[in-house]
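*Asks:* Please find the sequence and the predicted model below.
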Amino acid sequence: MNDYKCVQCGIPFQIYTNGYLFIETELNVTSDLFQNIGANCWVAPYEKLEYAEYLLKKLEESHLQFGREIRSALSQTKVKPLLFIPAESLLMQLQNAEIISTIQTGELISYLQPIIHLQENDRIFGYESLLRSSCADMISPGKLFSVAAKSGMLSLLDQRAREAAIIAKRTYVPKGVKSFINFLPSTIYNPEYCLRHTFKLVKKYEIDPSDLVFEVVETEKISDVDHLKRVLDTYKKQGMKVALDDVGSGFATLDVLQMLNPDFVKIDRHYVDHCDKFPEKQQFLTEVMQIAKDLGIIVLAEGIERPEELEHCRQIGIDLAQGFLIGRPSERPAKDIILI
């Protein structure tokens, strides 16, 4: 049994097993450091990546092409984990050394997409922060999150994304204008501890907590509503606002909205697309508006790309709007929006 600290929040905990490096091959592994566990599968324990490298060197000495290829990738990565990681996560890190380095070193920035208030002369209400890499070979956000999820680094990436968004707020977004910041509830196993880093940054940069809106971005994947409520309540206790994204994908029900009590709901693009032409979409938007009105929730229509969509949302009383028609994400956002 060994004592470790969480790489995200620093809280100590214990593990009862080491990490293991698995090798599946029909060739004979001569190293006495590996143990045959049957079915042509060999295993060796490790706790630090340095020792994993030593094991792979032994494989290379056994003339396994697999060992040579993996060790070559290993020599290029900067990863030095404090905790054990599964073999498949290790291999994903080795195969994506550049992306892992980007996450580890925090080479990330936020692009900002404007959000306007439809009922107040289209004034800029806020900006959504969207994660981008700052390295020369820009890595797509989808690739970043995909690799992070498969390599056991999703919590760290989510924390880095929140940090980049807070820095963008301090740098580009004036006081009184909201910053919508995405987060993944599944990476926050204990909100009181895991969000301490985020709250410290808010204080460090002297940002008004009420200017920050933390936005759930995976509502369709969340089955533990009680846990999500604890996360949202933790943000609220700090004076921050919360939002549910992609409403219409499973969370646009009265019971769930009453339980979570978000400050904002963002309507999924599917229901906004050509909403001026399809009665079933118009009915859905009207129903969401009624639920939100009863609960005191502000509604935001996202993904607006046509003037007709914008005007329909305005006419039925939707408060906020976001989309390419209004403005594309950029590192230095425009302070004024001119709708054509």
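*Replies:* Alright, I've got the coordinates. The structure presented is a predicted model; accordingly, all values stated were derived computationally and were not measured.

*Asks:* make it CA atoms for all contacts and neighbour counts henceforth
*Replies:* Will do.

*Asks:* so where do the strands sit in the chain?
*Replies:* Listed in chain order, the strands of the chain (DSSP state E) span residues 2-5, 12-15, 19-24, 35-36, 41-46, 108-117, 123-133, 178-183, 212-216, 241-247, 264-267, 298-301, 320-322.

*Asks:* Just give me the lowest mean pLDDT stretch among the ones you listed.
*Replies:* If you rank the strands of the chain by mean pLDDT, strand 12-15 sits at the bottom with a mean of 38.

*Asks:* From residue 103, how far out is residue 255?
*Replies:* For residue 255, the distance to residue 103 (Cα to Cα, to the nearest Å) stands at 38 Å.

*Asks:* These two: which is more packed in?
*Replies:* Neighbours were counted for residue 255 and for residue 103 using other Cα atoms under 10 Å; residue 103 has more, 23 against 10.

*Asks:* For residue 164, see how far away the more buried one is.
*Replies:* Separation of residue 103 from residue 164 (Cα to Cα) stands at 12 Å.

*Asks:* next one: residue 213
*Replies:* In terms of Cα to Cα, residue 213 sits 14 Å off from residue 164.

*Asks:* Can you point out the buried residues in the helix ranked longest in the chain?
*Replies:* In the chain, taking DSSP state H as the definition, the longest helix is helix 154-172. By neighbour count with 16 or more other Cα atoms under 10 Å, helix 154-172 contains the buried residues 154-170.

*Asks:* Kindly report the same for stretch 172-190.
*Replies:* Those buried within stretch 172-190 under the rule 16+ other Cα under 10 Å are 173, 177-188.

*Asks:* where do the helices sit along the protein?
*Replies:* With helices called from DSSP H, the chain shows them at 49-61, 65-74, 87-95, 97-105, 141-150, 154-172, 191-194, 196-204, 225-237, 254-260, 269-272, 279-295, 307-315.

*Asks:* Tell me which of these approaches residue 325 most closely.
*Replies:* Nearest of the helices of the chain to residue 325, taken as Cα to Cα: helix 307-315 at 7.3 Å.

*Asks:* what residues does that closest one touch?
*Replies:* 118-119, 272-276, 301, 304, 321, 325 (Cα atoms under 8 Å, 6 or more residues apart in numbering).

*Asks:* got it, and stretch 280-298?
*Replies:* Counting by Cα under 8 Å, 6+ apart, 252, 254, 258, 261-265, 271-272, 275-276, 299, 316-320 sit against stretch 280-298.

*Asks:* again with stretch 269-278
*Replies:* Contacts of stretch 269-278 from elsewhere in the structure, counted by Cα under 8 Å, 6+ apart, are 246, 248, 281-282, 284-285, 301-306, 308-309, 312.

*Asks:* Of these, which is the nearest to residue 90?
*Replies:* Checking those against residue 90 with Cα to Cα, the nearest one is residue 246 at 32.9 Å.

*Asks:* How about the closest one, nearest residue that isn't a chain neighbour?
*Replies:* residue 268 (4.1 Å; Cα to Cα, 6 or more residues apart in numbering).

*Asks:* give me the number of residues near the one you found?
*Replies:* Counted with other Cα under 10 Å, residues neighbouring residue 268 total 17.

*Asks:* Verify the stated contact: it with residue 217.
*Replies:* No: with contact defined as Cα atoms under 8 Å, residue 268 does not reach residue 217; the gap is 11.0 Å.
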